[in-house]
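> fold the stuff below for me.
(chains A and B)
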There are 2 protein chains.
Amino acid sequence: MPIDAVAEPAPLQSLDLPQPYLLFLGDVQHPAFAKTAFGLRDWAPERCIGEYALPGATVGLGLTQMDPGQAHAAGARALVIGVANVGGVIPAHWMPALLDALSNGLDLIGGMHTRLSEVAPLREHAQRHGRRLIDVREPPADLPTGSGRKRSGKRLLTVGTDCALGKKYTALSLARAMRALGIDATFRASGQTGLLIAGRGIPMDAVIADFASGAAELLSPDAHAGHWDVIEGQGSLSHPAYAGVSLALLHGSQPDAIVVCHEPGRTELLGYPGYALPSIEETIDLNLRLGRRTNPAIRCAGVSLNTSQLDPTQAQALLDSESARLGLPVADPIRGGASLQALVRACLNDPG
Amino acid sequence: MPIDAVAEPAPLQSLDLPQPYLLFLGDVQHPAFAKTAFGLRDWAPERCIGEYALPGATVGLGLTQMDPGQAHAAGARALVIGVANVGGVIPAHWMPALLDALSNGLDLIGGMHTRLSEVAPLREHAQRHGRRLIDVREPPADLPTGSGRKRSGKRLLTVGTDCALGKKYTALSLARAMRALGIDATFRASGQTGLLIAGRGIPMDAVIADFASGAAELLSPDAHAGHWDVIEGQGSLSHPAYAGVSLALLHGSQPDAIVVCHEPGRTELLGYPGYALPSIEETIDLNLRLGRRTNPAIRCAGVSLNTSQLDPTQAQALLDSESARLGLPVADPIRGGASLQALVRACLNDPG
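The predicted structure is shown next:
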């Protein structure tokens, strides 16, 4: 692959977000509703210039509190809606704050079901002030269909036994750990929170089905031979609703290595009673079998377990016993430590 | 399953087309560009009231030639653009004919890349005359995500070793052959030509990826225990661009039986040099393994071969030798005969 073939996606085909961000918390009263804001604070602190909560909010991020005018003066370029509320709508009592952000030179970035651009007062105010309303659930236009062409550089994809068990955090952790070893590694976001953290990416679940693997190809473009893209996985090949997205992402990513993410103790798919969770071994086998189609050299580097429900001793015992049982490195990336280092070395195919 | 759960998709969630059709041929000069018109003539003659060609056309369907006014008087309710041209655009010299159709009380139905509603004169004329512009590539709004819930009735899905080798024709043939046996069978269209033939369906390739298996669930709704939906397949699980769509359709269809479609002699995926065609056995195995997730009772009923390149003697010899090799009924539905009857009986799980 000639080096001049190494290019980032064209501007029209990726979401490049204005930054740094002011994180908007609304009047949030439970941390679970501020997952996006916490994710940004933890994984993209350099993009987060402050937080902005309304009276009544009881959750804070520990960042400097600012209003939109102060944030813009401090360099912020966008207000990110960092909270979700039930139904995914924008409540009326948030509107003055959002309009104030637009008046003060900030673009608005949202990832809710309701598109910002569908809210007439926001649309009109943004137009008047020359500001942008950016919905990160909106995929890029003019996506290509998949080509199946082998790209240069190395790729890792996190895959899972189910949704919502750590594929994003695992990818972020592995990319960070690789960079700590001096590897040129890039986290590639395929979902909305990951996309806000990375500042770019493609929301795979929002792409037209015929272009899904083409979108995945675009997400991790040609790179130099020593570069690693660490790609956030979506769904599961065994999920009755989302397996198609998972397969398109697997084919388009053409990963050299996969890491299987799992939550110990989960026995059924979340929200799908009667659908037994596939085993880790079945998940490895299925991903390798299907992934070989676009990368015959695909291998499983190891397993990421979400052990947040266990105490440290129990967690380490489980990581050790699962590693012995599967014959693979097994780590909880959030806990880090020697297990994580072994997993990262296995990803890089370096026995260390 | 209570009988009152048996329902067709709600009107907003399916494309129900106005009919019968007047088939528009433009100034087509090669039959390959009139595939949609020929498909409609062959498979939905009761929907086709006549054909309408412009001066210069050299291809005819053998139907009564009519202009839009005559067609409307004869009962037509829509003009279907039955030809494709290079680039998928609507040429300027077609416009007078299309405007004339709208003036004469016909809706317009198209499946080209250019949406009819994006052509300003058509849009304005349709509005003035109270007519509809229907793009069959436009998926229904408000699709649900897949539920994985088992539905009543029986389902057959045609799957393939590649694209464009007979999945639609096989499904149409099997549905017709089932009905000839007195079975209550419905062809379910998942692509644009199939959709025009059936008069309804969902264009699976145009659906947002997250809703693809939900769309497939909607395509073959609950039915009575003896009813068969015969579902048009899309793509191939081994296709680097379209496997995601194929998997979503497989999961959402939850077929009781699959029929694998293949073109003898094809060794690489069409348009994907270097991508070897999967074997029939691999295609069966992969579809059954993945299909078991939403229907543990899935089985392969047999194989459909597109033998259009062979003479009748060669074709029958191949059907016989492949049937012996695979231990399954193998037929060319276009040729019909005893092989097709055996395949249909195997679909119905009736040894005959």
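> check the residue of chain A positioned farthest from its centre and give its pLDDT.
Distance from the C-alpha centroid of chain A, by C-alpha atoms, centre = their mean, peaks at residue A:128 (32.8 Å). Residue A:128 is assigned 97 on the pLDDT scale.
> that one belongs to a strand?
No. Residue A:128: not assigned to a strand; according to DSSP: H, G, I helix; E, B strand; the rest coil it is helix.
> what about residue A:96, neighbour count?
10 (other C-beta atoms under 10 Å in any protein chain shown). Backbone N, C-alpha and C define where each C-beta goes, glycine included.
> so it belongs to a helix, correct?
Yes. Residue A:96: assigned to a helix according to three-state DSSP.
> can you pull the pLDDT of it?
97.
> before we move on, what about residue A:85?
72.
> coming back round to it: and the residue farthest from the centre of chain A, how far from residue B:161?
57 Å (C-beta to C-beta, to the nearest Å).
> for stretch A:263-283, which positions count as buried?
Under the neighbour-count criterion of 16 or more other C-beta atoms under 10 Å in any protein chain shown, stretch A:263-283 has A:263-264, A:269, A:272, A:275, A:277-278, A:280, A:283 buried.
> hmm, that stretch touching chain B?
Yes. Contact of stretch A:263-283 with chain B (C-beta under 8 Å from any C-beta of the partner chain) involves A:272, A:274-275.
> redo the residues you listed as CSV? Include pLDDT and secondary structure.
Output for the residues of stretch A:263-283 next to chain B, formatted as CSV (pLDDT from 0 to 100; DSSP: H, G, I helix; E, B strand; the rest coil):
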residue, pLDDT, secondary structure
A:272, 96, coil
A:274, 96, coil
A:275, 98, coil
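> could you single out the nearest of those residues to residue B:97?
Taking C-beta to C-beta as the measure, residue B:97 sits nearest to residue A:272 out of those, at 51.1 Å.
> surely that closest one and residue A:240 touch.
Yes. In this structure, residue A:272 is within contact of residue A:240 by C-beta atoms under 8 Å, at 6.5 Å.
> identify the contacts common to these two.
Taking C-beta atoms under 8 Å, 6 or more residues apart in numbering or on different chains as the contact rule, residue A:272 and residue A:240 both touch residue B:148.
> return the residues of chain A in contact with chain B.
Going by C-beta under 8 Å from any C-beta, the residues of chain A near chain B are A:145-148, A:204-210, A:212-214, A:237-238, A:240-249, A:251-252, A:272, A:274-275, A:286, A:289-290, A:293-294.
> 6 Å instead?
Contact residues, chain A versus chain B (C-beta under 6 Å from any C-beta of the partner chain): A:145-146, A:148, A:205, A:207, A:209-210, A:212-213, A:238, A:240-241, A:243-245, A:247-248, A:251, A:272, A:275, A:293-294.
> mind listing which of those are in helices?
Cross-referencing the residues of chain A next to chain B against helices under DSSP state H gives A:212-213, A:243-245, A:247-248, A:251.
> residues in contact with residue A:122?
Contact analysis of residue A:122 by C-beta atoms under 6 Å, 6 or more residues apart in numbering or on different chains lists residue A:116.
> does residue A:256 touch residue A:153 like I think?
No. Using C-beta atoms under 6 Å, residue A:256 is not in contact with residue A:153; the gap is 9.2 Å.
> helix, strand or coil for residue A:157?
strand.
> and the closest residue to it other than its chain neighbours, how many neighbours?
Excluding the flanking residues, the one nearest residue A:157 by C-beta to C-beta, 6 or more residues apart in numbering or on different chains is residue A:255, at 3.9 Å. By the criterion of other C-beta under 10 Å, residue A:255 has 30 neighbours.
> need the contact list for residue A:255.
So residue A:255 contacts A:155-157, A:298 (C-beta under 6 Å, 6+ apart).
> okay, and it sits in which element?
Following DSSP states H and E, there is no helix or strand that holds residue A:255.
> how near is the residue farthest from the centre of chain A to chain B?
For residue A:128, the distance to chain B equals 28 Å [C-beta to the nearest C-beta, to the nearest Å].
> again, but for residue A:257
Distance from residue A:257 to chain B, by C-beta to the nearest C-beta: 19 Å.
> quick check: domain ranges of chain A?
Domain ranges of chain A: A:18-135, A:154-347, per automatic domain parsing.
> how about the strands in the stretch 1-150 of chain A?
Applying DSSP state E, counting those that start in this stretch to the stretch 1-150 of chain A gives strands spanning A:21-26, A:48-53, A:78-81, A:107-110, A:133-135.
> rebuild those as CSV, extending it with mean pLDDT, mean neighbour count and distance to residue A:345.
Shown next, in CSV, are the strands of the stretch 1-150 of chain A (pLDDT from 0 to 100; neighbours: other C-beta atoms under 10 Å in any protein chain shown; distance: least, C-beta to C-beta, whole Å):
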stretch, mean pLDDT, mean neighbour count, distance to residue A:345
strand A:21-26, 97, 26, 34
strand A:48-53, 97, 23, 31
strand A:78-81, 97, 26, 35
strand A:107-110, 96, 25, 37
strand A:133-135, 94, 20, 38
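> of all these, which one is nearest residue B:231?
From the strands of the stretch 1-150 of chain A, taking C-beta to C-beta, the stretch that ends up closest is strand A:133-135, at 33.7 Å.
> need the residues that contact that closest one.
Strand A:133-135 is contacted from outside by A:108-110, A:115-117, A:126, using C-beta under 6 Å, 6+ apart.
> ok, those vs chain B, which is closest?
Comparing the contacts of strand A:133-135 against chain B with C-beta to the nearest C-beta places residue A:115 closest, at 13.7 Å.
> from residue A:135, how far off is the closest one?
5 Å.
> go on, residue A:274?
Residue A:274 is 34 Å from residue A:135, by C-beta to C-beta.
> next: residue A:216.
20 Å.
> same thing with residue A:163?
From residue A:163 over to residue A:135 (counting by C-beta to C-beta), the distance is 21 Å.
> cool, and residue A:264?
Counting by C-beta to C-beta, the gap from residue A:264 to residue A:135 is 36 Å.
> what number of residues are in the vicinity of residue A:123?
Residue A:123: 14 surrounding residues under other C-beta under 10 Å.
> picking that back up, let me have the ones in helices among the residues of chain A next to chain B in CSV, extended by pLDDT, neighbour count and distance to residue B:180.
Formatted as CSV, these follow (pLDDT from 0 to 100; neighbours: other C-beta atoms under 10 Å in any protein chain shown; distance: C-beta to C-beta, whole Å):
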residue, pLDDT, neighbour count, distance to residue B:180
A:212, 97, 37, 38
A:213, 97, 35, 39
A:243, 98, 26, 35
A:244, 98, 33, 34
A:245, 98, 32, 39
A:247, 98, 29, 37
A:248, 98, 33, 38
A:251, 98, 27, 39
